[in-house]
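Visitor: I need the structure of the sequence given here:
(2 chains)
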There are 2 protein chains.
Amino acid sequence: MATLHISNLTLTIYNHGIFVLMSAALSFLLIVWRFSLAEAGRSHHFEGPSSNPVKPHSITIVGSGNFGSAIARLLGRNVLRSPKHFRSEVRMWVFEEELDDGRKLSDVINADHENVKYLPGIQLPTNVRAVPDLSDAVRNASIVVFVLPHQFLPGLLPRISSCLHRGAMAVSLVKGLDFDDEGPVLITDMIREGLGEDVSEVCVLMGANVADEMARDEFCEATLGCPDPEGAGAVLQQLFDCPTFRVEVTPDPIGVELCGALKNVVALAAGFCDGLDWGGNTKAAIIRRGLEEMRLFCKLLHPSVRDMTFFESCGVADLITTCYGGRNRKCAETFARAGGTMAWDEIEKEELGGQHLQGPQTTSKLHKVLEQKKWLSRFPLFRSVYQIAYQGRPPATLVQDL
Amino acid sequence: MATLHISNLTLTIYNHGIFVLMSAALSFLLIVWRFSLAEAGRSHHFEGPSSNPVKPHSITIVGSGNFGSAIARLLGRNVLRSPKHFRSEVRMWVFEEELDDGRKLSDVINADHENVKYLPGIQLPTNVRAVPDLSDAVRNASIVVFVLPHQFLPGLLPRISSCLHRGAMAVSLVKGLDFDDEGPVLITDMIREGLGEDVSEVCVLMGANVADEMARDEFCEATLGCPDPEGAGAVLQQLFDCPTFRVEVTPDPIGVELCGALKNVVALAAGFCDGLDWGGNTKAAIIRRGLEEMRLFCKLLHPSVRDMTFFESCGVADLITTCYGGRNRKCAETFARAGGTMAWDEIEKEELGGQHLQGPQTTSKLHKVLEQKKWLSRFPLFRSVYQIAYQGRPPATLVQDL
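Guide: The predicted structure is shown next:
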C-alpha cells in the first residue's frame, strides 16, 4: 500500500518537471520509512502511513479452561515482543470458582501465575491478568479472543456487546458447531450477530492444537481464517504466531471453522476402526474418506469454501491428531469394543468422568441436515457413523458402503 | 458413449418420419443392451458396441514378494468375476529359489497355493500360476503388473520386450524412485522406454496398501494414475477394484507415482518426531508440512500435477500409514533415540535384518536435486531431514526452520 502511494506521488509531481529531484528524494525517504516498518515486523498492515500511529491493541481472552489458559500463556508472551502494537497486559476472563482451599481461582492465577485447576504445573506470564467480572474483562478491548464451549456464548455475548472498543476484532477458537433446522450455525456468525456493530471483523483460528502440548512449547501450527488477510488477518497473525506456534492465514473462515467441528465425526469412525483392531490401511482410508466428505459437505453448503483449506492445519493436520489422539476417538473405540451396546452417556461417564463429548452430538445433528437436504447417499461414511452410533448398526459394517 | 450413439441414431432417423417407431424400438433395445453391460460391471469402457467383442485380457504379474503375492491373491480372485474380460489364469513370475526343504518356490506355490516364503499362511487362488521363466510368464500378456524393487527393472525389461501382446498395458506398483543428474526418473518412464512400442499405456497404482493387511482382506483403497481414465483406466480399475480394495482413477500418473517415493522422506521426519517423544500436534504438523512439500516439489517439476491427487489414497492416506506404521518411520525413530549417532546401515541391520531402506537414499538424492535447482530454501522440512540424516545436525532441531 505504501508503495502505491509513492508511485502516485512520483507520477503526479513528475509532470511539473522542476519537482523531479524533490520527488526522487521524497520517494527515497518513503522507501526508507517503509523498510523500517517492514523490519519492525508485520506492523505496517494495521498502522497506516499517517504520522499518528494507531494505539496498541488491548487484548482480552474470554475463557480460561485448559485451552484458554494455554492461549493466554502464548499471547501473554507474544504481546511483549511487539509493545508498539499490543498493550503488555492480557486480560483473561475467568468464570469464578472457589477452590478446595477456599481461595478464588482468579486470585490464585493473579498471585501464583498458574491456572491450578485447568492447566496445573504451567507458569503463565505475569502480564496475564485474570478478571472475574466480564464487563471489566472486555472493557475497551480491541481484540477479543473467544476460547470456551459454544454453549456459553448466548449468555455472554449481550454482556460483552457495547463494552468493546469501537471496531474491535473478534477471533473464535471455539471448536464445535450449533445446528438449526437449516443446517450448521457458525460460531463466528453467532458472535457477529451478538456483538453487532461493536466488531469490525470476526475471524477464526483452528488447527492441531492440543493444549497440554502447546503449554510445553511443542511445535505446532494453526490456521487463521479471516475475510481480510491483509488487514485483521495480519494483526492477528502477529498476535498469535511465534516460532513454536506457526500461524498461516487463509481467506476462508467458513472452511476453517467447519473443519473444526466435522473432524469429530470422522474421529468416531477412526475410533470404531481401532476398537475393531483393523490395521493402518483401513484407518488411513477412513481418515481420507472423512476428509473428502468434510470437503464435499463444506462446499455443498458454502460454494466459496476453498479446497486448499483442507491442506492447512485446520484440515488434514487437526483431523490426523484427532483421529490418533482425541477423546472422541477414544470413546468410539470403547463403543466398538463393547459391540455398540454401551450408551454414549455411559461411555462419557466412564472415560471422561461425565464430561461431554462433541462427536456423537455433531454426528446426530449432521445426519439430520444430510437427511433434510437428501444428501445421505453422497456421504456414506458420515451416514455409517450415525447408524452405528445411534441405530444399532454393527460397528464391523463401517466400511461396507465405502 | 453408448448413450451418444443412441441419440445420434434417433435424430438421424427421425427426419425420415416413417422410421420414428422403428427408431424408438431400436433405442429401447440399445438402452436394454447398454443397461445389461453396465450391470455386468465397468466392461463397456473397453468393449465397444461392435459385434466382435475384444478378447479377454491375459494378466501377468512380474514380482512375487510380499506385496506381489498379495496382489496376485487379489487379481486371481477378481478375474474370475469377469470371465468375459479377463482370462481365468493369472501368471506370476517368480524369481526361482530353493527352499530349505530342497523344493523350488514356484513348485510349492503351484502345488500348495501359498507363497510360503514371502506371504506365509495366506491361501492364493488356484488360478494363480507361478512361472519361473520370465519369457514364459509374460508371453502374449496383454496386461503386465510390475510389483518388485525398481533395481531389478533394467535387467528384466529387455527380456520382457517383444514377448508381450502387441499394444499391451503396463501398470507399475513399484514404490521408489530413481534419480539422474536432472532429477527423478519415473519408473513408468523407465518401463515405457524399456518396452517401447510393445505397450500402449503405462499406468501406476499407489496407495495405503500394506501387504499383510490386504491379504487379510482388511478394507483399503488405491489410486490408479492413468493418462486415459476412460480407456486403459477403466480396464485396470475393473481388474483391481473390489469391495475390500477400492480403486479410484485419476488422470495424473506423475503425481501418483511421485507421492509413493516422496512420502518416505516425510516418514523419516515422523520417525525423528517419535524418537524425540514429541506429541500429536507436532507430528500432525510435520505430516502436513511434508504433504505440502511433496505437492510443491511435484508441481515445480511437473506443472501438470494436480492438487487433488494429494487428497487421494496415494497422497494423504499412504503418507499417514507410512508415518504411523512404516519401516522408514521405525528406523528413523531408532536413529533419533540414538541421538543421530548410529549409521543407517547399522540401523537397517538391527531393525530389518539388513534389508534396504528407501527413505535415507531418497532423501539424499532428493537433496541433490533441490541443491542443483536452488530450491533448498523452499523445502525446509526436506532439507532438515537430510541434514539430520547425513550431516550430524541434532534431531531435536527438526522443526526449527519450519
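
Visitor: Which residues are in contact with A:S161?
Guide: A:194-196, A:198 (CB atoms under 8 Å, 6 or more residues apart in numbering or on different chains). C-beta: built from backbone N, CA, C; applies to glycine.

Visitor: try 10 Å this time
Guide: For A:S161, the contact set (CB atoms under 10 Å, 6 or more residues apart in numbering or on different chains) comprises A:138, A:194-199.

Visitor: Which two of the residues you listed have the greatest separation?
Guide: Maximum pairwise distance among the contacts of A:S161 (CB to CB): 15.6 Å, between A:V138 and A:E197.

Visitor: Pull the number of nearby residues for the closest residue to A:G326 other than its chain neighbours.
Guide: Excluding the flanking residues, the one nearest A:G326 by CB to CB, 6 or more residues apart in numbering or on different chains is A:A267, at 5.2 Å. A:A267: 32 surrounding residues under other CB atoms under 10 Å in any protein chain shown.

Visitor: By neighbour count, which of the contacts of A:S161 wins?
Guide: A:V138 (26 neighbours).

Visitor: what's the pLDDT at that residue?
Guide: Listed pLDDT for A:V138 reads 98.

Visitor: The one 3 residues further on too?
Guide: Taken from the predicted model, the pLDDT recorded for A:A141 is 97.

Visitor: Run through the residues that contact it.
Guide: Contacts of A:A141 by CB under 10 Å, 6+ apart are A:57-62, A:87, A:91, A:93, A:160, A:163-165, A:168-170.

Visitor: now, which of those sits nearest A:N209?
Guide: Nearest member of these to A:N209, counting by CB to CB, is A:I61, at 14.5 Å.

Visitor: Checking my notes, that closest one in a strand, right?
Guide: Yes - judged by DSSP: H, G, I helix; E, B strand; the rest coil, A:I61 forms part of a strand.

Visitor: Give the helix, strand or coil label for the residue nearest to A:G326.
Guide: Going by three-state DSSP: A:A267 is helix.

Visitor: Contacts only, for it.
Guide: With CB under 10 Å, 6+ apart, A:A267 has these contacts: A:286-287, A:290, A:319, A:321-332, A:357-359, A:362-363, A:385.

Visitor: before we move on, which element is A:E89 in?
Guide: strand A:86-93 (DSSP states H and E).

Visitor: Buried residues, that strand. List them.
Guide: A:86-87, A:90-93 (16 or more other CB atoms under 10 Å in any protein chain shown).

Visitor: I'd guessed A:P243 sits against B:V399; true?
Guide: Yes - between A:P243 and B:V399 there is a contact at 8.8 Å, judged by CB atoms under 10 Å.

Visitor: so what sits against both of the two?
Guide: The contact lists of A:P243 and B:V399 share A:F219, where a contact means CB under 10 Å, 6+ apart.

Visitor: that older thread, which of the contacts of A:A267 fall in helices?
Guide: If you go by DSSP state H, the contacts of A:A267 have A:286-287, A:290, A:319, A:321-325, A:327-332, A:358-359, A:362-363, A:385 in helices.

Visitor: contacts with chain B among those residues, please.
Guide: Among the ones in helices among the contacts of A:A267, proximity to chain B is found for A:286-287, A:319, A:321-325 (CB under 10 Å from any CB of the partner chain).

Visitor: so where's chain A uncertain?
Guide: A:1-54 (pLDDT under 70).

Visitor: Show me where it has its strands.
Guide: With DSSP state E as the criterion, chain A has strands at A:57-62, A:86-93, A:128-131, A:143-146, A:168-172, A:178-180, A:183-185, A:199-206, A:220-225, A:245-250.

Visitor: Okay, buried residues for the last one please.
Guide: Same thing as strand A:245-250. Per 16+ other CB under 10 Å, strand A:245-250 contains these buried residues: A:245-247, A:249-250.

Visitor: Show me what that strand packs onto, helices and strands only.
Guide: Packing contacts for strand A:245-250, counted by 3 or more CB pairs under 10 Å, 6 or more residues apart in numbering or on different chains; DSSP states H and E, involve helix A:66-81, strand A:199-206, strand A:220-225, helix A:232-240, helix B:280-301.

Visitor: mind exporting the first one as PDB, just the C-alpha atoms?
Guide: Extracted as PDB, the C-alpha positions of helix A:66-81 are listed here (Å, rounded to 0.1, in the frame of the first residue of the first chain):
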ATOM      1  CA  ASN A  66      -7.300 -25.800  29.600                       C
ATOM      2  CA  PHE A  67      -7.000 -24.500  26.000                       C
ATOM      3  CA  GLY A  68      -7.800 -20.900  27.100                       C
ATOM      4  CA  SER A  69      -5.000 -20.900  29.600                       C
ATOM      5  CA  ALA A  70      -2.600 -22.300  27.000                       C
ATOM      6  CA  ILE A  71      -3.600 -19.500  24.700                       C
ATOM      7  CA  ALA A  72      -3.200 -16.900  27.500                       C
ATOM      8  CA  ARG A  73       0.300 -18.200  28.000                       C
ATOM      9  CA  LEU A  74       1.100 -17.800  24.300                       C
ATOM     10  CA  LEU A  75      -0.500 -14.300  23.900                       C
ATOM     11  CA  GLY A  76       1.000 -13.000  27.200                       C
ATOM     12  CA  ARG A  77       4.400 -13.800  25.800                       C
ATOM     13  CA  ASN A  78       3.800 -12.700  22.300                       C
ATOM     14  CA  VAL A  79       2.500  -9.200  23.100                       C
ATOM     15  CA  LEU A  80       5.700  -8.400  24.900                       C
ATOM     16  CA  ARG A  81       7.600  -8.800  21.600                       C
END
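
Visitor: Mind giving me the packing neighbours of it?
Guide: Checked by 3+ CB pairs under 10 Å, 6+ apart, helix A:66-81 has strand A:57-62, strand A:86-93, strand A:128-131, strand A:143-146, helix A:211-215, helix A:232-240, strand A:245-250 packed alongside it.

Visitor: Can you give me the buried ones in it?
Guide: For helix A:66-81, burial by neighbour count (16+ other CB under 10 Å) applies to A:66-79.

Visitor: show me what contacts the residue of the stretch 51-200 of chain A found nearest chain B?
Guide: Nearest to chain B in the stretch 51-200 of chain A, going by CB to the nearest CB, is A:A70, at a distance of 10.8 Å. Contact analysis of A:A70 by CB under 10 Å, 6+ apart lists A:115, A:118-119, A:122, A:124, A:147, A:209-216, A:245.

Visitor: Could you report the neighbour count for A:P303?
Guide: 7.

Visitor: I'd like to know the phi and psi angles of it, please.
Guide: phi -60, psi -20 (degrees, to the nearest 10).

Visitor: That one and A:G183, how far apart?
Guide: Counting by CB to CB, to the nearest Å, the gap from A:P303 to A:G183 is 14 Å.

Visitor: and if you look at A:F86?
Guide: Distance from A:F86 to A:G183, counting by CB to CB: 37 Å.

Visitor: Same check on A:I61?
Guide: 30 Å.

Visitor: more neighbours, the two?
Guide: Between A:I61 and A:G183, counting by other CB under 10 Å, A:I61 is the more crowded of the two (30 against 19).

Visitor: What's opposite that one in the beta bridge?
Guide: Note on A:I61: beta-bridge partners A:M92, A:V145, judged by DSSP bridges.

Visitor: Am I right that it is in contact with A:A72?
Guide: Yes - judged on CB under 10 Å, A:I61 makes contact with A:A72 at a distance of 5.3 Å.
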